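Asker: Next comes the sequence, and after it the predicted model I'd like to discuss.
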Amino acid sequence: MTLINELRTTTRRSSDLSKHSADVFAEAEVHTVRITRRDGEPLVLMSQREADARSVLLQFAADLITVTLGDEGTLASRMADRFQWMLALSPEDQATCAHDLVNAARASFATGQSYLATAELTSWRETATAIAAGLTSHPVEWLEDAERVERP
């Protein structure tokens, strides 16, 4: 199975890695580099950031699969059991969050762009954290006649 992400892979010979290592490393910071070898299977060189993003996406995929296989309650309630930070959201926001996370995951898997799912996940988690901390969208009450005070 070929992912779109593989289209962003550069192929280099192992001799390029030894002769032009700075160039190969610079490429690996931008996208995956496949290193071919005469005596063995090709190796892949990528940034730690990319490897971490793939790990996060795989863990998120595993969590989503676990949630979707359940049959008790709604998708939102099953996701709130798995992602307990969702409990800080209203029931309507939990449903919206569940829908948004599934769609972002599908887009990430279809395009090979892990940031789509991780950005959505992070955005919703930070929103839930802010709500739990008491930051809400209630209007701010401003003082009409603000009193000036001396600077200390």
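Answerer: Alright, I've got the coordinates.

Asker: Show me the residue at the heart of the protein, geometrically.
Answerer: residue 118 (1.2 Å; C-alpha atoms, centre = their mean).

Asker: Check whether it really touches residue 56, as I assumed.
Answerer: Yes - counting by C-beta atoms under 8 Å, residue 118 does reach residue 56; the two are 5.4 Å apart. The way it works is simple: take the backbone N, C-alpha and C, and place the C-beta from them, glycine included.

Asker: still on that earlier bit, look up how far residue 52 lies from the residue nearest to the centre of the chain.
Answerer: 10 Å (C-beta to C-beta, to the nearest Å).

Asker: list the contacts for the residue lying closest to residue 94 once chain neighbours are set aside?
Answerer: Setting aside the residues directly before and after it, residue 94 is nearest to residue 76 in space (C-beta to C-beta, 6 or more residues apart in numbering), at 4.2 Å. Applying C-beta atoms under 8 Å, 6 or more residues apart in numbering, one finds that residue 76 lies in contact with 86, 91, 94, 95, 97, 98.

Asker: And for residue 118?
Answerer: Counted by C-beta under 8 Å, 6+ apart, residue 118 has contacts 53, 56, 57, 60, 108.

Asker: how about low-confidence regions in this structure?
Answerer: 1-7, 137, 140 (pLDDT under 70).

Asker: Could you list the domains of it?
Answerer: 7-46, 49-132 (automatic domain parsing).

Asker: can you give me the helices in this protein?
Answerer: Taking DSSP state H as the criterion, the chain carries its helices at 14-19, 21-30, 48-69, 75-82, 91-111, 114-132.

Asker: what's the most buried one of those?
Answerer: helix 75-82 (a mean of 18; mean count of other C-beta atoms under 10 Å).

Asker: quick one: that helix to chain centroid distance?
Answerer: 18 Å (C-alpha atoms, centre = their mean, to the nearest Å).

Asker: Touching stretch 13-24 from outside, list them.
Answerer: Contacts of stretch 13-24 (C-beta under 8 Å, 6+ apart): 12, 33, 35, 36, 37, 38, 45.

Asker: Pull out the buried members of those residues.
Answerer: Buried members of those, counted by 16 or more other C-beta atoms under 10 Å: 12, 33, 35, 45.
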